[in-house]
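>>> The sequence and its predicted three-dimensional model are supplied below.
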Amino acid sequence: MKPFLFSIIFTFFGLVAVNAQTSANNRVSPIDSIETQVDDLDIEIIYSRPFLKGRQFGKDIVPFGKVWRTGANEATVFEINQDAMIEGQKLPAGKYSLYTIPNEKETIVIFNKDWNQWGTKYDESRDALRVTVPTFASEENIEQFTIDLDETGAACMVWGNTLFTFQVTQS
């Protein structure tokens, strides 16, 4: 009886491991990362890239005025190797989750201390910094959520026809 039970247990755990590995390789919202260096400041953003799939940003998906994890799946991670200025406000070196509250005219960009988490377990009391930036209408409709980071430290996020940016500089 024991060999049969062990066989079932090993088979179960083997199927779970294979299923987990397959899920990680076939994400609906693939994971991506971008990084740049501004003088001695290293900036990296790791995020998942969801698709619109016929939905409209600000309405069907990511409703305006609501906290968004700024990506999909795990929280988007924003990491800097030294203190930096975000839109002129100081952010200590470290890892943060990146949340936003998009609106039609402006977007609140949030750097939260709880970076190693899944989904939308957002706790406002853990915010390290909030900055407000203008929201722009992009000229083209972008199907897959994209974050770009240039050599000056400008981070640009675009999805659908909604675009917003924030500037990262050395402290």
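Sure thing, it's come through.

>>> Which elements pack onto the one helix or strand residue 96 maps to?
Per DSSP states H and E: residue 96 is located in strand 94-102. In terms of contacts (3 or more Cβ pairs under 8 Å, 6 or more residues apart in numbering; DSSP states H and E), strand 94-102 is packed against strand 77-80, strand 106-112, strand 127-149, strand 154-170. Heads up, the C-betas are built off the backbone N, CA and C, glycines and all.

>>> Take those and lay them out in CSV including distance to residue 61.
Formatted as CSV, those follow (distance: least, Cβ to Cβ, whole Å):
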stretch, distance to residue 61
strand 77-80, 21
strand 106-112, 15
strand 127-149, 10
strand 154-170, 8
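
>>> Looking at those strands, which is nearest to residue 91?
For those, the distance to residue 91 is smallest for strand 127-149, at 4.9 Å, taking Cβ to Cβ.

>>> Please save the CA atoms from the closest one in PDB.
The C-alpha coordinates for strand 127-149 follow below in PDB (Å, rounded to 0.1, in the frame of the first residue of the first chain):
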ATOM      1  CA  ASP A 127       3.700  54.400   0.400                       C
ATOM      2  CA  ALA A 128       7.200  55.900   0.200                       C
ATOM      3  CA  LEU A 129       6.400  58.600  -2.300                       C
ATOM      4  CA  ARG A 130       3.500  59.900  -4.500                       C
ATOM      5  CA  VAL A 131       3.900  62.200  -7.400                       C
ATOM      6  CA  THR A 132       1.400  63.700  -9.700                       C
ATOM      7  CA  VAL A 133       2.100  64.000 -13.400                       C
ATOM      8  CA  PRO A 134       0.100  65.000 -16.500                       C
ATOM      9  CA  THR A 135      -1.800  62.400 -18.500                       C
ATOM     10  CA  PHE A 136      -1.500  62.700 -22.200                       C
ATOM     11  CA  ALA A 137      -3.400  61.100 -25.100                       C
ATOM     12  CA  SER A 138      -1.000  59.100 -27.300                       C
ATOM     13  CA  GLU A 139      -1.200  59.500 -31.100                       C
ATOM     14  CA  GLU A 140      -1.600  55.700 -31.600                       C
ATOM     15  CA  ASN A 141      -3.500  53.000 -29.800                       C
ATOM     16  CA  ILE A 142      -1.000  50.700 -28.000                       C
ATOM     17  CA  GLU A 143      -2.400  47.200 -27.600                       C
ATOM     18  CA  GLN A 144       0.200  45.900 -25.100                       C
ATOM     19  CA  PHE A 145       1.100  47.900 -21.900                       C
ATOM     20  CA  THR A 146       4.600  49.300 -22.300                       C
ATOM     21  CA  ILE A 147       7.100  51.100 -20.100                       C
ATOM     22  CA  ASP A 148      10.000  52.800 -21.700                       C
ATOM     23  CA  LEU A 149      13.000  54.200 -19.800                       C
END
